[in-house]
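> Coordinates for the following, if possible.
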Amino acid sequence: MPEAGGGSGMPRGGSGTPTGGSGGRAAGDPGRSPDGGGRSADGGGRSAGSLGKQVAGGRGGKSEQTRRLILETALRLFRERGYDKTTMRAIAQEAGVSVGNAYYYFASKEHLVQGFYDQMAEEHAAAAQDVLDTETKLARRLRGVLLAWLDIAEPYHEFAAQFFKNAADPASPLSPFSDESEGPREAVIALHRRLVDDADITVDAELAELLPRLLWLQQMGLVLYWVYDRSENCARSRALVERTSPLVARALAASRFRVLRPLVREVTDVLGEFLLPAATARRGDRPATTRNPQPSLDGPTAANPEVGFQNP
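Modelled structure (predicted):
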């Protein structure tokens with residue numbers, strides 16, 4: 001839960017700069033950057049990464065350095081003390097900045113975690129660059145992208161379960177499905193879109209529309225498994241990637257065969273209706289339609305194999 005006093009507003013002193021020491025924040029317009037940059041937008045409802053990029057856009061260097069220092073200090077304290085026991089005041093003290101300064105860059109602990117999400121998305125894209133530049137086989141590209149995520153996430157495994165307790169709450173801004181998480185979520189989906197677009201594989205056209213988001217969901221499943229993985233160096237998570245990547249590639253390759261098209265249509269309808277409705281509605285994509293609301297086990301009819309699984 002957000003710390004008391006950690007709302008969406010920005011701290012201001014009498015001159016319009018963040019105050020130090022007290023940790024309180026006055027209502028009204030946000031003040032200027034403590035590092036002399038341009039004015040900040042309201043921190044509420046935005047990811048910390050978006051806020052940080054805007055602040056850094058003022059005079060760049062010093063603002064970005066301060067923001068990164070606060071974020072790195074917070075991540076260290078989360079590891080050492082736990083997420084719930086780490087306060088914004090403690091983060092500011094360890095980073096050597098005023099409490100008001102810390103609140104200027106990150107309106108709450110939740111915004112700090114969103115900053116962490118943004119950082120992870122950027123590092124993941126960089127770590128996966130080589131495999132996406134050199135491999136063309138879908139299985140190898142998928143394997144490389146998922147293993148790259150495990151590599152960059154390794155330092156944070158010890159306190160990942162503490163994040164998950166909050167992220168698992170559907171109402172939490174830390175949920176990967178939340179509006180606040182849209183920035184890093186879409187960045188990872190874009191990475192999976194590149195994974196598919198540049199691979200030497202042809203998949204069913206309707207399935208191709210959903211595929212980047214489906215692969216992101218697969219990555220979320222890996223994240224959940226990794227959180228609870230207590231094997232040495234998370235070896236079982238890596239083994240899971242090794243085993244599932246070829247299976248996913250084979251299933252997608254098979255989707256283009258005519259005999260499987262009715263099944264593919266049913267699968268894409270179910271996925272669009274139940275797993276990806278919020279994302280497609282928010283982005284204005286074509287809504288999923290259910291062709292066969294009462295499927296049976298009889299399979300497609302001989303007269304019309306495209307009809308799907310209907311009751312006789």
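
> any chance you could map the helices in the stretch 51-200 of the chain?
Using DSSP state H, counting those that start in this stretch, the helices of the stretch 51-200 of the chain run over residues 61-81, 88-95, 99-105, 109-134, 138-153, 160-167, 182-197.

> With mean neighbour count as new columns, can the ones you listed be given to me in a markdown table?
In short, each C-beta sits where N, CA and C put it, glycine included. Listed next are the helices of the stretch 51-200 of the chain as a markdown table, based on neighbours: other Cβ atoms under 10 Å:
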| stretch | mean neighbour count |
| --- | --- |
| helix 61-81 | 19 |
| helix 88-95 | 19 |
| helix 99-105 | 27 |
| helix 109-134 | 19 |
| helix 138-153 | 21 |
| helix 160-167 | 16 |
| helix 182-197 | 19 |
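
> So for L240, which of the ones you listed sits nearest?
With Cβ to Cβ as the measure, helix 138-153 is the member of those nearest L240 (8.8 Å).

> And that closest one, what does it pack against?
Packing contacts for helix 138-153, counted by 3 or more Cβ pairs under 8 Å, 6 or more residues apart in numbering; DSSP states H and E, involve helix 109-134, helix 182-197, helix 205-227, helix 235-254.

> Least confident of those, on average?
If you rank the helices and strands packed on helix 138-153 by mean pLDDT, helix 205-227 sits at the bottom with a mean of 90.

> For F164, which non-adjacent residue is closest in space?
V227 (5.0 Å; Cβ to Cβ, 6 or more residues apart in numbering).

> Below-threshold pLDDT in this structure: ranges please.
For the chain, the stretches with pLDDT under 70 are 1-60, 271-272, 274-312.

> Is it possible to get JSON lines of the helices and strands packed on helix 138-153 that adds distance to A90?
Formatted as JSON lines, the helices and strands packed on helix 138-153 follow (distance: least, Cβ to Cβ, whole Å):
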{"stretch": "helix 109-134", "distance to A90": "11"}
{"stretch": "helix 182-197", "distance to A90": "25"}
{"stretch": "helix 205-227", "distance to A90": "25"}
{"stretch": "helix 235-254", "distance to A90": "31"}
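
> hmm, back to that, how close does the residue nearest to F164 sit to E154?
13 Å (Cβ to Cβ, to the nearest Å).

> hang on, the earlier thing: of all the helices of the stretch 51-200 of the chain, which one is nearest V248?
Across the helices of the stretch 51-200 of the chain, V248 has its closest neighbour in helix 138-153 (6.2 Å, Cβ to Cβ).

> Contacts made by the closest one with the rest, please.
120, 123-124, 127-128, 130-132, 135, 160, 191-192, 195-196, 198-201, 215, 219, 222-223, 226, 234, 237-238, 241-242, 245-246, 248-250, 252-253 (Cβ atoms under 8 Å, 6 or more residues apart in numbering).

> now swap in stretch 73-93 and tell me
3, 6, 23, 70, 94-95, 98-99, 101-103, 106, 108-109, 112-113, 116, 156, 158-159, 162-163, 166.

> quick one on the thing from earlier: ok, the residue nearest to F164 - how many residues close by?
19 (other Cβ atoms under 10 Å).

> what residues are up against it?
Applying Cβ under 8 Å, 6+ apart, the residues near V227 are A160, A161, F164.

> Please tell me how far it sits from E209.
Taking Cβ to Cβ, one finds V227 at 30 Å from E209.

> circling back to that earlier point, list just the nearest of the contacts of V227 to G61.
Nearest member of the contacts of V227 to G61, counting by Cβ to Cβ, is A160, at 31.4 Å.

> which residue packs closest to the closest one, ignoring adjacent ones?
V227 (4.9 Å).

> Please apply the same query to L252.
Among residues not flanking L252 along the chain, V203 sits closest, at 4.9 Å (Cβ to Cβ, 6+ apart).

> likewise T136?
D200 (4.6 Å).

> Would you confirm that P184 contacts Y117?
Yes - if you go by Cβ atoms under 8 Å, P184 and Y117 touch, sitting 4.0 Å apart.

> quick revisit: same list, the helices of the stretch 51-200 of the chain, but as a markdown table with distance to V270 please.
Output for these, formatted as a markdown table (distance: least, Cβ to Cβ, whole Å):
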| stretch | distance to V270 |
| --- | --- |
| helix 61-81 | 38 |
| helix 88-95 | 43 |
| helix 99-105 | 42 |
| helix 109-134 | 28 |
| helix 138-153 | 22 |
| helix 160-167 | 25 |
| helix 182-197 | 19 |
